[in-house]
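K.L.:
Sequence and predicted model, in that order:
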Amino acid sequence: MTYTTTRDGTRIAYQLQGEGPALVLLAGQANSHHWWDSVRVDFHPVRTTLTLDYRGTGESDKPDILHSTELFAQDVIAVLDDLGIDRADIYGTSMGGRVAQHLAARHPHCVNALILGCTSPGGPHSIERGNDVRRALAQPQPAAARQACWNSRTHPAGSPTTPGHTTPSATPTRRPSPGVTTSRSATGTTPETSCPRISAPTLVLHGSDDLLNPTANAPLLADRIPDARVHLFPDTRHAYFEEARTHASPLVLDFLTATHQP
């Protein structure tokens, strides 16, 4: 395991794999780099993937302080600086997409291209998940809550599929790590107010049946980012990048290739 120490003394664990220009992969809330285990290899023929464990998750330190998406973005910059990476492509999903928005808006010199998956513009103009999903995730029985989270991420086995649709093989074992809080109110500037400042070429991706982060957030997000493109994956939920892996990964690579052409 390799670490970067931030200005406040927090050790951030990070992982490098593959060959080529850097592609930073940012996971969802309270998740470590294992969020990307099933798909990161898709990028390795042409990209070096860089993942990290957010402070409060995985092998990173877990300081007893209030965290925020802005703070996570600062940690990403600390890792990039430590590695001597001046510019990188950024691919953030779910909460990682909001971290990615901060990076692109506040550190534009560090971002070549931006991919925002299953995320939202943040702020009061976002569409929140339904109360039924909230209640399911808040069940007191841990096993039931884990299963509800998993069902919100992917279609159950046997659901109708489209070409390129797969059922992820992972199990619903991801749980928040102690010390992780990521409310938007903890940030100085929400992604919603930062979006118009993003200048990097941007691709917005979303599953058509997303329950955790409603699909209607995708066009709202793209409308706030100059010249952003949107692609929806049919019959997929929050983990579209796993369910539609054979379509999603090549689409990301094609977008990155196009943005790197002179």
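P.N.:
Perfect, thanks for sending it. Numbers count the residues shown, from 1 in each chain.
K.L.:
Can you show me the strands along the stretch 151-262 of the chain?
P.N.:
202-207, 229-233 (DSSP state E, counting those that start in this stretch).
K.L.:
Mind putting those into a markdown table with mean neighbour count, mean pLDDT and distance to residue 253?
P.N.:
Placement of C-beta: from N, CA and C, glycine included. Listed next are those as a markdown table, based on neighbours: other Cβ atoms under 10 Å; pLDDT from 0 to 100; distance: least, Cβ to Cβ, whole Å:
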| stretch | mean neighbour count | mean pLDDT | distance to residue 253 |
| --- | --- | --- | --- |
| strand 202-207 | 26 | 98 | 11 |
| strand 229-233 | 18 | 98 | 13 |
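K.L.:
Of all the ones you listed, which one comes closest to residue 29?
P.N.:
Closest to residue 29 of the strands of the stretch 151-262 of the chain, according to Cβ to Cβ: strand 202-207, at 16.6 Å.
K.L.:
helices or strands next to the closest one in the packing?
P.N.:
strand 111-117, helix 217-224, strand 229-233, helix 240-243, helix 245-260 (3 or more Cβ pairs under 8 Å, 6 or more residues apart in numbering; DSSP states H and E).
K.L.:
And the contacts of it?
P.N.:
The contact list for strand 202-207, computed with Cβ atoms under 8 Å, 6 or more residues apart in numbering, reads 104, 113-118, 213, 215, 217-218, 221-222, 225, 227-233, 236-241, 243-244, 248, 251-252, 255.
K.L.:
Low-confidence ranges, the stretch 1-150 of the chain, go.
P.N.:
130-131, 133-137, 139, 144-150 (pLDDT under 70).
K.L.:
Okay, strands next: where are they in it?
P.N.:
Along the stretch 1-150 of the chain, the segments classed as strands by DSSP E, counting those that start in this stretch run 2-5, 11-18, 22-26, 48-52, 88-93, 111-117.
K.L.:
Reformat these as CSV; add distance to residue 207 and mean neighbour count.
P.N.:
Formatted as CSV, the strands of the stretch 1-150 of the chain follow (distance: least, Cβ to Cβ, whole Å; neighbours: other Cβ atoms under 10 Å):
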stretch, distance to residue 207, mean neighbour count
strand 2-5, 32, 15
strand 11-18, 25, 19
strand 22-26, 17, 26
strand 48-52, 21, 24
strand 88-93, 11, 27
strand 111-117, 9, 25
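K.L.:
In a markdown table: those, plus distance to residue 100.
P.N.:
Putting the strands of the stretch 1-150 of the chain into a markdown table (distance: least, Cβ to Cβ, whole Å) gives the following:
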| stretch | distance to residue 100 |
| --- | --- |
| strand 2-5 | 18 |
| strand 11-18 | 16 |
| strand 22-26 | 6 |
| strand 48-52 | 13 |
| strand 88-93 | 3 |
| strand 111-117 | 6 |
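K.L.:
picking that back up, quick one: closest of the strands of the stretch 151-262 of the chain to residue 55.
P.N.:
strand 202-207 (26.0 Å).
K.L.:
Could you check the angle that closest one makes with strand 229-233?
P.N.:
20 degrees (axes from the mean of the first three to the mean of the last three Cα atoms, to 10 degrees).
K.L.:
So what's the gap between strand 202-207 and the chain middle?
P.N.:
Strand 202-207 has its C-alpha centroid displaced from the chain centroid by 11 Å (Cα atoms, centre = their mean, to the nearest Å).
K.L.:
what angle do it and helix 245-260 make?
P.N.:
Going by the same axes, to 10 degrees, strand 202-207 makes 170 degrees with helix 245-260.
K.L.:
and strand 202-207, which strands flank it?
P.N.:
Its sheet considered, strand 202-207 pairs with strand 111-117 (parallel), strand 229-233 (parallel) by DSSP bridges.
K.L.:
Turn the ones you listed into a markdown table, columns for distance to residue 69.
P.N.:
Listed next are the strands paired with strand 202-207 as a markdown table, based on distance: least, Cβ to Cβ, whole Å:
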| stretch | distance to residue 69 |
| --- | --- |
| strand 111-117 | 13 |
| strand 229-233 | 22 |
